[in-house]
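In: Fold the following for me, if possible:
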Amino acid sequence: MKWLVALALMFLPVSLSAQAVPKLVPDVSQRQINIQSGFTGAELLLFGAIIYPRGVAPEGQIDVAVVLRGPARPITLREKQKIAGIWINADSSDFRSVPVYYAIASSRPLRDIVDSKTAAIYELGLDKLQLSPSGEVDAKEQRRFSNGLVDLKQRNGLFRQEAGSVEITDQVLYRARLEIPSSVPVGTYVAETLLIRNGRVIVADDKVEVRVRKTGFEQLVSILAQDYSLFYGTMAVLVSLLLGWFAGYIFQRF
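Out: Have a look, this model is predicted:
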């Protein structure tokens, strides 16, 4: 009988601490973003509620960070150099896992709410992304290429970092708006919410999927180009020849 009591006391603190962890109820304004003719971008609202044990918020400040990440793809970054007045490819670097889109918004600057180690573990911030470089490259050169890749993605609107853009109301409700550029690639995106307190991420397992896809004529062209490349190429050549013949015919008549 005593060993049963000892066993219950052993697991009691664990169960109580598990119950003391807040719960996130996240959602997004739309689960699907359609790209069609005239698409100029979209705005995605990430919002939710924080449910505390016994309904009481703890003392101290609560911070929230939301991340929207697109599918990861390999990429080769090439550096161009101007030699004798001609731009040619020079050095290059391969990356095995680069998200096609990455945006993070936080209630305060990331450096004020998490330390560098925690930010690296959860990939919080553009400078903490794990791009998985490959090949034998000097560390300094690799860092230069990584910074160049992040800068290129930022200028194209595909990488974003916004501090102070997550609004928290009464430490219960939160919301953030993320801009989706018109050049956003298709795929399944993951929206993740992280609850942070006293420099520690206490909840980081609440994710919502957002699908970005092409519709209408753009979807048809994409399917033909990817799945029926020979037919697509043949049709493109025939259409070009037909337009050229028609233009020549018009000029001859007038």
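In: And the strands in this protein, which stretches?
Out: Along the chain, the stretches classed as strands by DSSP state E are 23-28, 32-35, 42-51, 62-69, 72-83, 86-99, 102-106, 133-134, 159-163, 167-169, 173-180, 187-197, 200-214.
In: Make CSV from those strands and add mean neighbour count, distance to Thr118 and mean pLDDT to it.
Out: Glycine gets a C-beta too; all of them are placed from N, C-alpha and C. Shown next, in CSV, are the strands of the chain (neighbours: other C-beta atoms under 10 Å; distance: least, C-beta to C-beta, whole Å; pLDDT from 0 to 100):
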stretch, mean neighbour count, distance to Thr118, mean pLDDT
strand 23-28, 16, 18, 92
strand 32-35, 16, 31, 91
strand 42-51, 17, 19, 94
strand 62-69, 23, 11, 95
strand 72-83, 12, 22, 84
strand 86-99, 15, 20, 84
strand 102-106, 25, 13, 97
strand 133-134, 17, 23, 82
strand 159-163, 18, 16, 95
strand 167-169, 13, 19, 94
strand 173-180, 19, 19, 95
strand 187-197, 20, 8, 94
strand 200-214, 15, 6, 87
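In: can you list these in a markdown table and add distance to Asp151?
Out: Below are those laid out as a markdown table (distance: least, C-beta to C-beta, whole Å):
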| stretch | distance to Asp151 |
| --- | --- |
| strand 23-28 | 28 |
| strand 32-35 | 25 |
| strand 42-51 | 23 |
| strand 62-69 | 19 |
| strand 72-83 | 11 |
| strand 86-99 | 13 |
| strand 102-106 | 13 |
| strand 133-134 | 16 |
| strand 159-163 | 9 |
| strand 167-169 | 28 |
| strand 173-180 | 18 |
| strand 187-197 | 22 |
| strand 200-214 | 23 |
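In: out of the ones you listed, which comes closest to Asp115?
Out: Closest approach to Asp115 among those (C-beta to C-beta): strand 200-214, 9.4 Å.
In: Show me the strands paired with the closest one, marking each as parallel or antiparallel.
Out: When pairing is defined by DSSP bridges, strand 200-214 lines up against strand 32-35 (parallel), strand 187-197 (antiparallel).
In: which residues sit against the first one?
Out: It stands for strand 32-35. With C-beta atoms under 8 Å, 6 or more residues apart in numbering as the test, strand 32-35 has contacts from Ala42, Leu44, Ile180, Val184, Val186, Val210, Arg211, Val212, Arg213, Lys214, Thr215, Glu218.
In: and which of those residues is nearest Ile168?
Out: Among these, Leu44 lies closest to Ile168 (C-beta to C-beta), at 18.3 Å.
In: That closest one and Ser29 touch, don't they?
Out: Yes. Leu44 is in contact with Ser29 according to C-beta atoms under 8 Å; the separation is 6.1 Å.
In: so what sits against both of these two?
Out: Joint contacts of Leu44 and Ser29 (C-beta under 8 Å, 6+ apart) do not exist.
In: picking that back up, which two in the contacts of strand 32-35 are spaced the farthest apart?
Out: Greatest spatial distance in the contacts of strand 32-35: Leu44 and Glu218, 19.7 Å, computed using C-beta to C-beta.
In: check contacts around the closest residue in space to Ser182 that isn't next to it in sequence.
Out: Once flanking residues are discounted, Ser182 sits nearest to Gly41: 4.6 Å by C-beta to C-beta, 6 or more residues apart in numbering. Shown in contact with Gly41 (C-beta under 8 Å, 6+ apart): Glu179, Ile180, Pro181, Ser182, Val184.
In: and the chain, what are its domains?
Out: Per the record, the chain has its domains at 21-213, 215-254, by automatic domain parsing.
In: mean confidence for the last one?
Out: Across domain 215-254, the average pLDDT comes to 68.
In: got TSV for the contacts of strand 32-35, with distance to Lys23 too?
Out: Shown next, in TSV, are these (distance: C-beta to C-beta, whole Å):
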residue	distance to Lys23
Ala42	29
Leu44	23
Ile180	28
Val184	31
Val186	32
Val210	21
Arg211	25
Val212	28
Arg213	31
Lys214	36
Thr215	35
Glu218	40
